[in-house]
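**Student:** model this:
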Amino acid sequence: MKKCLPPKFLPFCCLSLGILFFLSGCETPIVTQTAEDRAAVDASIARETPGNYYIGRRLYKVDYKMWGWVKKPGEPWKQSRLVMFNEQKVLAPDRARNAIGSDNNYEYRLSGYFSGEQVYEPASDHVYPEFVLTGASVISTNPPLIYPDQRWVDPTIRLILPPQY
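**Tutor:** Next up is the predicted model:
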């Protein structure tokens with residue numbers, strides 16, 4: 001003999017199924033890079049005057065210790081390198097404020113140089129070029145998207161994708 005739920009549980013089951021159905025359609029929309037983002041990136045790169053400095057884009061990931069992407073002024077982000085900072089001369093901006101990761105996806109004008117050394121980062125099991133930081137100033141706290149979509153700047157997503165633009 002087949003057992004059925006007592007009639008008093010029927011409204012509860014219907015309500016539960018309705019809530020489940022509703023929540024399944026409530027995913028956060030993925031913000032993707034647009035033509036406007038690409039135009040803004042192009043304009044930003046065009047404004048970078050040549051000189052003896054670098055442009056950096058902070059990439060904070062909870063599980064990783066690399067700093068972010070660094071490129072020469074005027075270069076596309078595709079040519080940037082994911083780096084580890086040597087902070088013996090100057091602390092990274094977020095560490096100097098004692099607010100690790102608070103500057104995720106900020107864009108900086110960086111002073112410093114590549115030491116030529118490679119630094120192993122155990123969580124990602126990769127080596128990254130060492131950048132000796134001697135100074136940093138914020139260019140933008142809300143720069144245009146250089147990734148295919150906004151998920152890549154989410155600190156909790158472990159994947160690291162190089163800038164696409």
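
**Student:** for this structure, which spans come out with low pLDDT?
**Tutor:** In the predicted model, the chain carries pLDDT under 70 at residues 1-31, 161, 164-165.

**Student:** for the protein, what spans make up the helices?
**Tutor:** All helices of the chain, identified by DSSP state H, fall at 10-24, 35-47, 93-96.

**Student:** Would you mark the buried spots in stretch 33-52?
**Tutor:** Residues 33, 37, 41, 44-45, 48 are the ones in stretch 33-52 that count as buried (16 or more other Cβ atoms under 10 Å). Every C-beta, even on glycine, is put in place using the N, C-alpha and C of the backbone.

**Student:** Touching, Ser140 and Tyr106? I think so.
**Tutor:** Yes - counting by Cβ atoms under 8 Å, a contact exists between Ser140 and Tyr106, whose distance comes to 6.9 Å.

**Student:** which of the two has more neighbours?
**Tutor:** It is Tyr106, of Ser140 and Tyr106, that has more neighbours when counted by other Cβ atoms under 10 Å, with 20 against 12.

**Student:** That one: what's it in contact with?
**Tutor:** Contact partners of Tyr106, counting by Cβ atoms under 8 Å, 6 or more residues apart in numbering, are 57-58, 93, 138-141, 143.
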